[in-house]
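A.B. asks: just a sequence and a predicted model for now, questions to come.
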Amino acid sequence: WRVGVAGREVRWRRGLQMNDARDVAFATEARLLGEGESLTFGAAGRSTETNVPWVTVQTPAGMFFGGLLWSGGWAIEASGEASATSLVARWDGGEAAVPADGVLEGVHGFFGAVAGGEAEISAAMRTFVIDGLRGGREFPALVSYNTWFVHGAHIDEAIARREIAEAAKVGGELFQLDAGWYEGAGSHGAYDFTSGLGSWKVDETRFPHGLRAVGEDARAHGMRFGLWVEPERADLATVGRGDGPREEWLATTDGLYRPGLANDEAGYAQVCLAHPDAWNWALAHMVRLVDQEGVQYFVVDSNDWVNCTREGHGHGATDGAFAHVQALYRLLAALRERFPELLVENCAGG
């Protein structure tokens, strides 16, 4: 979108990984643009890595706000004019080809204005999200307990059952079993969740009764059962083995899994969901976890990002990231259609 706003005080928010000395995640930035001055902010990878796709401008009558509904790269440009600011919010990830049927769904954006400040914007956004995006479905504001911050990947059935009982005592409504439930997790320390990623195989040594037993215990204590997954990334040790991904599904940029590293040193790679077989693989595993393990809530994480340029994935050399994000959205839509009551938290996917 492109909008002219009567005002020149522009505000935006930094992202999770700013890579500067301040290292303050999600801090507010502000700049009063003079006539002829401009600024551009955005993110090259995941949408909230360096900045959040969101902007506000103070006006004489209130505040303008706007943003993008997108999990990949983006940019917002602001230019000061005589008594106003010109704003442009756009996708910033290469070029996308229009398919043969002539239909290409692009990045979704939104903007609005309130006769007030941040509190009024918050109220307006809440109405937009619930009525405009969720079709009137309210957010279940669940009191959640997550195993990660105490135990990391060194988690097992006995610890989980103990934590369930403690969480229930303080009114927990959702028990989230975070990374570490699959074979190989934690091999290099408590917070190593990359080892074993992509196998989708429950570690039977640590969870001898499977994840369903943990979920049933959570439900017996009045809580829903949530599980962490990262379908977009895999430990290279799982590639081509068992239920792991196939090498031809892995995303590469100019032939490399992780630019700057030789492939035999990469350790892990992104799974390009634009490849139809990779998409079906991820969906099948998530469906199985709901059907067989009783998962009611997914924490869908993503901890690496490349713009795939590999041939044979259903995208071109310039729109790999675009196609991957669209495939992720189709994956989430398929889960919603099959399991209407399933809750999904987009932990790092925008």
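C.D. replies: That came through, no problem.
A.B. asks: now do the helices in the chain.
C.D. replies: Counting by DSSP state H, the chain has these helices, from start to end: 118-127, 148-151, 157-169, 210-220, 276-293, 320-338.
A.B. asks: give the buried residues for the shortest one.
C.D. replies: Meaning helix 148-151. By neighbour count on 16 or more other C-beta atoms under 10 Å, the buried set for helix 148-151 is W148, H151. The C-beta positions use only the backbone N, C-alpha and C, and glycine is treated the same way.
A.B. asks: make 322 the starting number, not 1.
C.D. replies: Let's use 322 as the start, then, which means that last one is helix 469-472.
A.B. asks: for this protein, give me the ranges with low pLDDT.
C.D. replies: Residue ranges of the chain with pLDDT under 70: 339-344, 670-671.
A.B. asks: which one in it is furthest away from the centre?
C.D. replies: Most distant from the centre of the chain: A403, at 38.7 Å, with distances by C-alpha atoms, centre = their mean.
A.B. asks: quick one: contacts for the residue lying closest to it once chain neighbours are set aside?
C.D. replies: Excluding the flanking residues, the one nearest A403 by C-beta to C-beta, 6 or more residues apart in numbering is E356, at 5.8 Å. By C-beta atoms under 8 Å, 6 or more residues apart in numbering, the contact list for E356 reads G401, E402, A403.
A.B. asks: between those residues, which is closest to A351?
C.D. replies: Proximity of those to A351 (C-beta to C-beta) peaks at G401, which lies at 13.6 Å.
A.B. asks: mind listing what the closest residue to the closest one other than its chain neighbours touches?
C.D. replies: Closest residue in space to G401, ignoring its immediate chain neighbours: L354 at 3.2 Å, by C-beta to C-beta, 6+ apart. Shown in contact with L354 (C-beta under 8 Å, 6+ apart): R329, E330, V331, L360, A399, S400, G401, T406.
A.B. asks: return the distance of the residue nearest to the second one when sequence neighbours are not counted relative to F449.
C.D. replies: Going back to what we said before, that points to E330. Excluding its sequence neighbours, the residue lying closest to E330 (C-beta to C-beta, 6+ apart) is Q379, at 4.2 Å. Distance, Q379 to F449, by C-beta to C-beta, to the nearest Å: 20 Å.
A.B. asks: before we move on, back to that, pop out the phi and psi values for the residue farthest from the centre of the chain.
C.D. replies: In terms of degrees, to the nearest 10, the main-chain angles of A403 are phi -60, psi -50.
A.B. asks: quick one: contacts for the residue nearest to E330?
C.D. replies: Residues counted as contacts of Q379 (C-beta under 8 Å, 6+ apart) are G328, E330, R332.
A.B. asks: same thing with R411?
C.D. replies: Going by C-beta under 8 Å, 6+ apart, R411 touches W395, A396, I397, E398, V428.
A.B. asks: just the strands in the stretch 322-471 of the chain please.
C.D. replies: 323-326, 330-335, 349-353, 359-364, 372-380, 383-390, 395-401, 406-412, 429-435, 465-467 (DSSP state E, counting those that start in this stretch).
A.B. asks: ok, A534 touching E478?
C.D. replies: Yes - using C-beta atoms under 8 Å, A534 is in contact with E478, at 6.8 Å.
A.B. asks: how much space between the closest residue to G507 other than its chain neighbours and D538?
C.D. replies: What sits nearest to G507 in space, not counting adjacent residues and going by C-beta to C-beta, 6+ apart, is A474, at 3.4 Å. To D538, A474 is 20 Å away according to C-beta to C-beta.
A.B. asks: follow-up on the earlier one: would you turn the strands of the stretch 322-471 of the chain into TSV with distance to I485?
C.D. replies: Output for these, formatted as TSV (distance: least, C-beta to C-beta, whole Å):
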stretch	distance to I485
strand 323-326	49
strand 330-335	35
strand 349-353	38
strand 359-364	37
strand 372-380	34
strand 383-390	35
strand 395-401	39
strand 406-412	43
strand 429-435	38
strand 465-467	8
